[in-house]
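In: Here you go, sequence then predicted model.
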Amino acid sequence: MKNELRVLRARHHLSQAELAEKLGVSRQTVNAIETGRYDPSLSLAFKVAALFGQPIEEIFRAENGAGGSDEA
Amino acid sequence: MANTPSEERSGSDSPHGPTAILANGKFDARSSAGRRYRLRSGLALAAFVIWWMFGSDLLRPLVSRGILDPISALAPGVAFSYMAWEFRKYLAAMDELERRIHMESITWTYLSGFAIAMLIAGLSHVYGWRVNPGLFLLLEPVRAGWLYFVSRRYQ
């Protein structure tokens, strides 16, 4: 799964630690999502979408356009 | 706030350092849940070890075997059940990525432990070895190893 988290975070002038605190997760989790090593849970993805005020599908996209990969 | 290059990596503030993982089988206990788990499981383990080494011997002149022996027999199970209960609470309080890493490491420990147990079962059956169930404790360093290995995948 691809995501725009890094771009959105930069646009909102947030560090990974600040974003992590707002989302209630660790900085390592934010880092792992940004680098594509971890796909967030649905509830965390919704939190991200709500925080940046964007639809979830504009932030997270399946890489192959057909449901994405199971691998984190 | 600027996005510093050091943030791109896991960084020096990572709780996923090898020392905590390989020595304790868990991430750094920075959260209150982590500290609580470390304290309570440490106390339970200490109480069990003290009882196992000294308790029953010290009390034997005062208390009958009929009371002491069942307590000694149940002590390991009770102590480790309590630690498992505390570990469950520690897992529940975790960040979702850390919980996933722990669950993956437990899965791998189960799979590798099962394979090793079957190997030992075959050898003990053929050669008449008497295997002590306390050897299950060796699964803890195996889990710590898996925890370290799995955590590297997400960094």
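Out: Great, that's in hand.

In: Quick check: residue B:73 vs residue B:66, distance?
Out: Plainly put, residue B:73 is 12 Å away from residue B:66 if you go by CB to CB, to the nearest Å. From N, CA and C alone the C-beta is placed, and that goes for glycine too.

In: for residue B:60, same thing?
Out: 12 Å.

In: Same question for residue B:155.
Out: As for residue B:155, its distance to residue B:66 is 55 Å (criterion: CB to CB).

In: Same question for residue B:128.
Out: From residue B:128 to residue B:66 the distance is 33 Å (CB to CB).

In: on that earlier part again, so which of residue B:60 and residue B:66 has more stuff around it?
Out: Counted by other CB atoms under 10 Å in any protein chain shown, residue B:60 and residue B:66 do not tie: residue B:60 has more neighbours, with 12 against 7.

In: Helices of the chain, residue ranges please.
Out: All of this is about chain A. A:5-11, A:16-23, A:27-34, A:42-52, A:56-59 (DSSP state H).

In: I was after chain B.
Out: For chain B, helices defined by DSSP H occupy the ranges B:5-8, B:18-24, B:32-50, B:56-59, B:65-92, B:96-127, B:139-153.

In: picking up where we left off before, deepest in the core, which of the helices of chain A is it.
Out: Of all the helices of chain A, helix A:27-34 carries the top mean neighbour count, a mean of 24, counting by mean count of other CB atoms under 10 Å in any protein chain shown.

In: okay, residue A:65: pLDDT?
Out: Residue A:65 is assigned a predicted lDDT (pLDDT) of 58.

In: which residues does residue A:22 contact?
Out: A:14, A:51 (CB atoms under 8 Å, 6 or more residues apart in numbering or on different chains).

In: And it, how far from residue A:5?
Out: Separation of residue A:22 from residue A:5 (CB to CB): 12 Å.

In: Please apply the same query to residue B:142.
Out: 35 Å.

In: Identify the residue nearest the residue nearest the centre of chain B in space, chain neighbours excluded?
Out: Nearest to the mean C-alpha position of chain B, counting by CA atoms, centre = their mean, stands residue B:140 at 5.0 Å. The shortest distance from residue B:140 to any non-neighbouring residue, by CB to CB, 6 or more residues apart in numbering or on different chains, is to residue B:25 (5.6 Å).
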